[in-house]
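>>> fold the stuff below for me.
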Amino acid sequence: MKKNIAIIMGGYSSEYEISLKSGQVVFETLDASKYNAYKVHIFKNKWVYVDANDNEYPIDKNDFSVTVNGNKTTFDCIFNAIHGTPGEDGYMQGYLELLNIPHTSCGMYQASLTFNKRDCLSTLKPYGIKTATSYYINLGDTVNETAIVEKVGLPCFVKANKAGSSFGITKVYKKEDLKNALEVAFKEDDEVIIESFLDGTEVSVGVITYKGEVIVLPITEIVSNNDFFDYKAKYLGESQEITPARLSKVQEEKVNSVAKKVYEVLKMKGFSRSEYIFKDGEPHLLEVNTVPGLTKASILPQQAAAAGISLVELFSNAIEEALK
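Next up, the predicted model:
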């Protein structure tokens with residue numbers, strides 16, 4: 001019997017357009033001999049199943065079912081392709097876990113923790129995971145530019161604490177530019193993290209549970225044509241993503257070991273993609289993504305391909321792991 005799979009996409013954040021693209025790729029790629037795929041759009045004003053003719057049918061939030069022409073459909077598994085809230089920050093995970101519906105992402109706690117950059121980095125530091133020097137500010141706090149510069153130096157990065165796809169991030173060179181950078185970040189979130197600039201090779205590392213085993217995928221080196229790996233570099237082709245990365249054997253072993261340790265320490269499941277910069281030969285963790293991009297241009301699918309794992313296999317595996 002074929003399993004009914006709802007692919008949830010969209011979301012409530014600035015990342016919804018990227019999520020719709022990721023979800024569409026999953027929908028087009030899923031093995032039709034094993035699964036009945038359903039596209040489900042999750043937006044603040046509507047949760048709807050979208051059929052082949054773009055007709056919309058409301059999702060019953062009591063049991064995450066949909067009724068079409070009098071026939072009710074429930075789902076064996078939810079494939080989570082929502083970047084940002086509510087798919088990457090624990091809300092959907094908690095809801096689905098309460099309904100006892102398997103899903104392809106990590107647990108509620110892991111999603112919530114990793115989505116909060118400040119809390120995630122603080123949790124991992126005692127395990128020896130290296131990070132940039134950071135300074136925290138909440139909306140409404142008094143801003144002391146001198147204290148910020150004394151702690152993190154210049155240039156530095158001002159980031160929205162809970163946002164993805166490089167939304168709400170600015171590289172700051174001069175103290176007088178901090179105010180504007182904070183305004184940009186506060187448009188995305190009411191918490192900000194300011195980090196020291198790490199000048200070194202940037203890499204992205206995919207770690208997944210594949211056929212019951214935690215594996216590290218081939219590493220991707222990020223070479224941005226812009227000042228840093230911003231939205232344009234990520235999504236508009238203004239960067240080079242080199243897989244496998246041009247690392248020494250020692251560098252590769254170090255970052256593989258750290259990325260796997262992060263995944264296991266946090267008790268992750270499903271997909272993860274973490275970003276690192278090498279400083280003084282050591283990988284420093286920037287952030288962990290638990291619902292990474294799944295479009296054709298996205299990093300994790302590129303890494304899977306380099307490991308000899310097709311998109312069909314990657315997505316099927318995610319569902320089978322969730323159903324265990």
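>>> now do the domain split for this structure, please.
Structural domains annotated on the chain: 3-104, 113-130+199-323, 134-196, as defined by automatic domain parsing.
>>> so who does the residue nearest to K125 when sequence neighbours are not counted touch?
Leaving aside its sequence neighbours, K125 sits nearest to T131 (Cβ to Cβ, 6 or more residues apart in numbering; 6.5 Å). Bear in mind the C-beta positions are built from the backbone N, C-alpha and C, glycine included. When contacts are counted by Cβ atoms under 8 Å, 6 or more residues apart in numbering, T131 touches 121, 124-125, 284-286.
>>> follow-up on the earlier one: got the domains of the chain as a markdown table, with mean pLDDT and mean neighbour count columns?
As requested, these are arranged in a markdown table below (pLDDT from 0 to 100; neighbours: other Cβ atoms under 10 Å):
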| stretch | mean pLDDT | mean neighbour count |
| --- | --- | --- |
| domain 3-104 | 97 | 18 |
| domain 113-130+199-323 | 92 | 18 |
| domain 134-196 | 92 | 17 |
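>>> give me phi/psi at V26?
phi -60, psi -50 (degrees, to the nearest 10).
>>> bridged to the nearest residue to it once chain neighbours are set aside, which residues?
In space, and not counting its chain neighbours, V26 is closest to I7: 5.0 Å by Cβ to Cβ, 6+ apart. For I7, the beta-bridge partners are K39, F79 (DSSP bridges).
>>> I7 against N36, yeah?
No. Judged on Cβ atoms under 8 Å, I7 makes no contact with N36 at a distance of 11.0 Å.
>>> who's I242 bridged to?
Assigned bridge partners for I242, using DSSP bridges, are E221.
>>> show me what contacts Y127?
So Y127 contacts 261, 265 (Cβ under 8 Å, 6+ apart).
>>> how about 10 Å then?
258, 261-262, 264-266 (Cβ atoms under 10 Å, 6 or more residues apart in numbering).
>>> show me where the stretch 1-150 of the chain has its helices.
Ranges of helices within the stretch 1-150 of the chain are 16-29, 91-98, 108-115, 117-124, 145-152, based on DSSP state H, counting those that start in this stretch.
>>> looking at those helices, which is closest to A304?
A304 lies closest, by Cβ to Cβ, to one member of those: helix 16-29, at 11.6 Å.
>>> could you pull up the residues touching the residue lying closest to T114 once chain neighbours are set aside?
Distance criterion Cβ to Cβ, 6+ apart; nearest residue to T114, sequence neighbours excluded, is V288 at 4.3 Å. Residues counted as contacts of V288 (Cβ under 10 Å, 6+ apart) are 106, 110, 113-115, 117, 120-121, 124, 205, 207, 259, 262-263, 266, 268, 272-275.
>>> let me know the angle separating the top helix by length along the chain from helix 108-115.
The residue-count maximum for a helix in the chain (DSSP state H) belongs to helix 249-265. Helix 249-265 runs at 140 degrees relative to helix 108-115, counting by axes from the mean of the first three to the mean of the last three Cα atoms, to 10 degrees.
>>> still on that earlier bit, can you list the helices of the stretch 1-150 of the chain in JSON lines and add distance to H83?
As requested, the helices of the stretch 1-150 of the chain are exported to JSON lines (distance: least, Cβ to Cβ, whole Å):
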{"stretch": "helix 16-29", "distance to H83": "5"}
{"stretch": "helix 91-98", "distance to H83": "12"}
{"stretch": "helix 108-115", "distance to H83": "10"}
{"stretch": "helix 117-124", "distance to H83": "15"}
{"stretch": "helix 145-152", "distance to H83": "27"}
